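**Student:** Compute the structure for the input listed below.
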Amino acid sequence: MKLHQWHYFHLFLEDRIYFAPLGVGVHFFHSNHLIINLSSNDKQRYNRQITLQNFGESAQQKLLLAKVLVIGAGGLGCPALQYLAAAGVGTIGIVDDDTVSLSNLHRQILYSTNDIGLPKAQRASEVLKLLNPDIIIKSFPYRLINTNAFELIRNYDIIIDGTDNFASRYLINDACVLLKKPLIYGSIYQFEGQVAVFNVQDENNSPSANYRDLFPQQPNESEVLNCSEAGVIGVLPGIIGTMMANECIKLITGIGNFLINKLLIYNTLTNQIFEMDITPKEETLHLIPANEAAFRSTEYSFSCESAHSFEDVGITDFLKLMKEEDTVVVDVREVGEKPVITSFEHINIPMSKLKTLKLDIPQKNILVFCHAGVRSVDAALFLSNGNNKVYNLKGGIVRYNIQ
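**Tutor:** The predicted model follows:
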């Protein structure tokens, strides 16, 4: 299914009043479509796009008028944000409740070491404004949940899902279906990534496939490896996030073929790219709340979320962290396990007893380790339910020959 260029222009601009961002020149209505005159600065900044055959000033005008909400300013969100801002998308919203950490920087290159500890949404906004001060960038430094999703999503033309947990993906998908908003989806796992475009209305107002047509039900936590355990090659989110930005630009301008009713899969190790068809299913629509009120009362469980619950660290960071104030080191091995650790202070809470104890750990930072780094992942997830910051020694003490 290919929608015509005029349809997308009509979809975005019908019955709306836009106020052009600074620098985009004078705008006016013509035949129910909003038209803007590009300034000399616009023509210089976007020259390489404007000179493209089948793109020109008309496509650039559509970009400047578009409003895109990027949910998640992490591995996928960062490259998408950078290229959308550089391309001249007129209004960009950024939603993220996380802060920058050291383990982010191998793939989230929008940030620097100096940004560690800063809110991602706000810091991303500041960096992008340096890249392109002529567009509007809004930051929302909080989690998207069922009580605020409608207020945010309804104000944007296209939604980009750069989140890394299943609860958010299902919540975003359902809100977009109810609000009839196109949704660009991306996912990464170790060396492989996925991209799709969901919920695009055709000329007959019939929607394309949505996320639930691909994965109808949210999986249980036990069925999915957490991201910290599985890992990801640093370049992969850059590739997939850029593909997501590309799909967004195509949707806005109406050029090219779209990943509608298709899932693109890319493997970094083999450089293989293949597509699979997704068929819209009537029965999956019944899995989505019937209306806004039902959506607001739906519980989207974040029990599967693990990417921000704790942070995996290597031995160098582990030893640095233990020197910080208000920090406790927890050994979750069973009593009597070897090697016996004498090189640093710690307490022993065996994994077999951890979940049966009513723990109240006052320290701000909790460093967790075990023999090989398997039990400590489970312990870190359990201990991260409070206000503490939890770190897990990846690979365990056996990997570093600690005595």
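
**Student:** Centroid-nearest residue for the protein?
**Tutor:** Note on the chain: the residue nearest the mean C-alpha position is G162, at 2.1 Å, using Cα atoms, centre = their mean.

**Student:** mind listing what it touches?
**Tutor:** Counting by Cβ atoms under 8 Å, 6 or more residues apart in numbering, G162 touches V70, I71, G72, A73, G74, G75, L76, G77, A80, G186, G241, M244. The way it works is simple: take the backbone N, C-alpha and C, and place the C-beta from them, glycine included.

**Student:** so how far is Q82 from it?
**Tutor:** Going from G162 to Q82 by Cβ to Cβ, to the nearest Å gives 12 Å.

**Student:** So which of the contacts of G162 belong to helices?
**Tutor:** Using DSSP state H to define helices, the subset of the contacts of G162 located there is G77, A80, G241, M244.

**Student:** The first one and T284, how far apart?
**Tutor:** Spatial separation of G77 from T284 under the definition Cβ to Cβ is 26 Å.

**Student:** Look at those two and report which has more neighbours.
**Tutor:** Legend: neighbour count by other Cβ atoms under 10 Å for G77 and T284, higher for G77 (29 against 19).

**Student:** By neighbours, which of the contacts of G162 wins?
**Tutor:** L76 (34 neighbours).

**Student:** I'd like the distance between it and D161.
**Tutor:** For L76 relative to D161 (Cβ to Cβ), the value is 8 Å.

**Student:** quick revisit: and the contacts of G162, which is closest to I349?
**Tutor:** Among those, G74 lies closest to I349 (Cβ to Cβ), at 31.0 Å.

**Student:** give me the number of residues near the closest residue to the closest one other than its chain neighbours?
**Tutor:** Excluding the flanking residues, the one nearest G74 by Cβ to Cβ, 6 or more residues apart in numbering is Q108, at 5.8 Å. By the criterion of other Cβ under 10 Å, Q108 has 24 neighbours.

**Student:** Repeat that for N155.
**Tutor:** N155 has 13 nearby residues by other Cβ under 10 Å.

**Student:** Correct me if wrong: it contacts K67.
**Tutor:** Yes. The criterion here is Cβ atoms under 8 Å, and N155 meets it with K67 at 6.9 Å.

**Student:** Have a look at the chain and report the helix or strand with the lowest mean pLDDT.
**Tutor:** Taking mean pLDDT, DSSP states H and E as the measure, the helix or strand of the chain with the lowest value is strand 27-30, at a mean of 29.

**Student:** if we can go back for a sec, next one: the residue nearest to the centre of the chain from L84, what distance?
**Tutor:** G162 is 11 Å from L84, by Cβ to Cβ.

**Student:** Identify the contacts common to those two.
**Tutor:** V70.

**Student:** what do L76 and D161 both touch?
**Tutor:** In contact with both L76 and D161: G186, using Cβ under 8 Å, 6+ apart.

**Student:** Buried residues of stretch 392-403, list them for me.
**Tutor:** N392, L393, K394, G395, G396, I397, Y400, I402 (16 or more other Cβ atoms under 10 Å).

**Student:** Now do the same for it: mean pLDDT, whole number.
**Tutor:** Across stretch 392-403, the average pLDDT comes to 77.

**Student:** what's next to that stretch, contact-wise?
**Tutor:** 228, 310-315, 318, 339-343, 367-374, 376-377, 379-380.

**Student:** again, only using 6 Å
**Tutor:** 310, 312, 315, 318, 339, 368-373, 376-377, 380 (Cβ atoms under 6 Å, 6 or more residues apart in numbering).

**Student:** if we can go back for a sec, so who does the residue nearest to G74 touch?
**Tutor:** G74, G75, C78.
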